[in-house]
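Sequence first, then the predicted structure:
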Amino acid sequence: MGSIGGFEWVLIILAILLLFGAKRIPELARGIGQGIQEFRKASDDIKKEIDKGKDDVNSSVKDSSDTAKEESKK
C-alpha cells in the first residue's frame, strides 16, 4: 500500500464538501485551529512545570551538598 495520491485527496475533499457543505468548512477549520492552539499551550505549560520541578530538585540537591561540605569543614 502506498501513500495517498492526488486523486484520493480530491475524493476526500469532495466527500467533506458533500457531508458538511461549503459554509460549515471554515467553522470546522477554525475549531480545529483553536483546539490545536489550546493543546500547544497546555503542552508548553506542562513543559514549564517539569522544567521548574527539575530546577527545584537541582537547587535543593546543590543546597544540601553545600550544607554537607560546610558541616564537614567544622
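Alright, I've got the coordinates.

Pull the number of nearby residues for the closest residue to Phe20 other than its chain neighbours.
Closest residue to Phe20 in three dimensions, ignoring its sequence neighbours and counting by C-beta to C-beta, 6 or more residues apart in numbering: Leu28, at 6.5 Å. Glycine gets a C-beta too; all of them are placed from N, C-alpha and C. By other C-beta atoms under 10 Å, 11 other residues sit near Leu28.

and the strand or helix carrying Leu28, average pLDDT?
Mapping Leu28 onto the secondary structure by DSSP states H and E places it in helix 24-73. Helix 24-73 comes out with an average pLDDT of 86.

coming back round to it: from Asp56, how far off is the residue nearest to Phe20?
The span separating Leu28 from Asp56 equals 42 Å under the rule C-beta to C-beta, to the nearest Å.

Let's verify Ser3: helix, strand, or coil?
When the structure is reduced to helix, strand and coil (DSSP: H, G, I helix; E, B strand; the rest coil), Ser3 reads as coil.

Could you measure from it over to Ala15?
Counting by C-beta to C-beta, the separation of Ser3 from Ala15 is 18 Å.

neighbour-wise, which of these two wins?
Shown here are Ser3 and Ala15; by other C-beta under 10 Å, Ala15 has more neighbours (10 against 5).
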